[in-house]
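Chemist: Just to be clear, the model below is a prediction. Sequence and coordinates:
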Amino acid sequence: MRTMKDDAVSMKPQAIYLDTTVFFEARFCFSRGPLADLALLALEKDIWLWSSDIALTELQVAMRDRVRDIQASYEKAHGVLQHCQNLSAPSPDSIESAVRDALDAVKNFFHDEDVSVLSVESLDESDTARIFEDYFNSRGCFSNKGKRTEFPDAFQIAMILRAVRTGEKVIVVSNDKDFAEGFADVPEVQVIRSVEKVLPILRQL
């Protein structure tokens, strides 16, 4: 028996959730490319775009870590690079400025495209209890040995489930396998690995 997980979306989704990985894959390009196409199609098809406060926080931390990796790599290669006058180590201030500017670009995209930011405050005690039950029973996104690092994903999954209305469909765009595992038994939610794979589905609606 085929399910929604196997097929393209059979009906127009209520919303499309954008995970942190989407922005890295798009290289933070919002004026053109897949993200811009997705925003335009979502508007044309009257489909909400969602993300969350947790995704924004994860994004900020990940951006800072990636830029700091550049500084660490430079310091490691300093013995060679000291002979090149055109290269200099990024300062802590320039790193923080780059992170702020990139995060501001994301927030501007959210504002311009009217992205709804799901909040952890929307959850209640039953949601939290279910998350810990999944953790202790190695279910959903905790199925891989119940990693504590998956708690942010678990809370995002809970927020999405709370926002999904009965009988409606939601697409979650993420290449994080924890989302796929977390929604494995939820027919209302389809996890698609990239924006590029979502675009032809929307064009066929």
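Modeler: Cool, got the structure.

Chemist: Show the subsequent helix or strand relative to the helix or strand of the chain with the lowest mean pLDDT.
Modeler: Here the helix or strand of the chain ranked lowest by mean pLDDT, DSSP states H and E is helix 78-81, holding a mean of 70. Later in the chain than helix 78-81, the nearest helix or strand by DSSP states H and E is helix 92-112.

Chemist: got the buried residues for that following helix?
Modeler: Ile95, Ala98, Val99, Ala102, Leu103, Val106, Phe109, Phe110 (16 or more other CB atoms under 10 Å). C-betas here are computed from N, CA, C, even on glycine.

Chemist: Stretch 26-33 too?
Modeler: Buried, per 16+ other CB under 10 Å, within stretch 26-33: Ala26, Phe28, Phe30.

Chemist: With just CA atoms, put the helix ranked longest in the chain into CSV.
Modeler: Determined from DSSP state H, the single longest helix within the chain is helix 53-76. Output in CSV follows, covering the C-alpha atoms of helix 53-76 (Å, rounded to 0.1, in the frame of the first residue of the first chain):
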residue,chain,number,x,y,z
ASP,A,53,12.5,30.4,16.9
ILE,A,54,14.6,27.2,17.6
ALA,A,55,15.6,27.1,13.9
LEU,A,56,16.7,30.7,14.1
THR,A,57,18.8,30.1,17.2
GLU,A,58,20.3,27.0,15.7
LEU,A,59,21.1,29.0,12.6
GLN,A,60,22.9,31.7,14.5
VAL,A,61,25.0,29.2,16.5
ALA,A,62,25.9,27.2,13.3
MET,A,63,26.9,30.3,11.4
ARG,A,64,29.1,31.5,14.2
ASP,A,65,30.7,28.0,14.4
ARG,A,66,31.4,27.9,10.7
VAL,A,67,32.9,31.3,10.5
ARG,A,68,35.1,30.5,13.6
ASP,A,69,36.3,27.4,11.8
ILE,A,70,37.7,29.8,9.1
GLN,A,71,39.7,31.6,11.8
ALA,A,72,41.0,28.3,13.3
SER,A,73,42.0,27.1,9.8
TYR,A,74,43.9,30.4,9.2
GLU,A,75,45.7,30.1,12.5
LYS,A,76,46.7,26.5,11.6
